[in-house]
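>>> Would you be able to build a 3D model of this:
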Amino acid sequence: MLRRFIPAAVAAISLAGLAFTSPASAASLPDRMYGCARGDICMYSTAVPSEATKIGIGRGEDWESSMSSPSYRPVRSVFNYGFPEYEDHVALGTHTIGDQFTGTVCIHRAEDGNPAAGIRAWSYAQEVFKIDWINASKYPCNE
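Numbers count the residues shown, from 1 in each chain. Reported below is the predicted structural model:
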């Protein structure tokens, strides 16, 4: 009887310990990457994000350009380092500078082991005029 009890007790204690550990992605990603703090989406003037080329940030809230808060431009890349509890993806309203093409693009967040999953780069400079934090299951991320 004791032989069966000890392995079962060890397994139960091991599983209980897992319940109190934090997710790997929260622990292994640094507080800042490319000059972008955790929880933000950052925009850059070059196709390769770097702290030196950062031109703006969104701090986890929805935003739309207006006369008092003009759009971000010229944006060549974006890094989503967002970790809001329920809204971890970002739908950006953009259009190519010098063109009237307007679209919405979903930017996934940086992932443990793959921070580049949060990067989106463009060949042509963009103007970002809207930031919507959304859940990955909502449009346009669910495509």
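>>> Check the gap between residue 40 and residue 76 for me.
Between residue 40 and residue 76 the computed distance is 18 Å (CB to CB, to the nearest Å). Bear in mind the C-beta positions are built from the backbone N, C-alpha and C, glycine included.
>>> contacting residues for the closest residue to residue 32 other than its chain neighbours?
Nearest non-adjacent residue to residue 32, counting by CB to CB, 6 or more residues apart in numbering: residue 38, 7.1 Å away. Residues near residue 38 by CB atoms under 8 Å, 6 or more residues apart in numbering: 29-32, 81, 83.
>>> Quick check: of the residues you listed, which has the highest neighbour count?
residue 81 (23 neighbours; other CB atoms under 10 Å).
>>> Name every sheet partner of the longest strand anywhere in the chain and say whether each one runs parallel or antiparallel.
What stands out as the longest strand in the chain, according to DSSP state E, is strand 119-134. Applying DSSP bridges to the sheet, strand 119-134 is found paired with strand 63-64 (antiparallel), strand 72-80 (antiparallel), strand 89-96 (antiparallel).
>>> Give me the nearest residue to residue 34, chain neighbours excluded.
Excluding the flanking residues, the one nearest residue 34 by CB to CB, 6+ apart is residue 49, at 4.0 Å.
>>> quick one: contacts for the one you found?
Applying CB under 8 Å, 6+ apart, we find residue 49 in contact with 34-36, 42, 77-79, 119.
>>> Kindly report the same for residue 73.
Counting by CB under 8 Å, 6+ apart, residue 73 touches 97, 125-128.
>>> what's the answer for residue 54, then?
Contacts for residue 54 (CB under 8 Å, 6+ apart) come out as 34-36, 42-44.
>>> ok, back up a step: and the residue nearest to residue 34, helix, strand or coil?
Under DSSP: H, G, I helix; E, B strand; the rest coil, the three-state class of residue 49 is coil.
>>> Same check on the one 3 residues further on?
Reducing the assignment to helix, strand or coil with three-state DSSP, the entry for residue 52 is helix.
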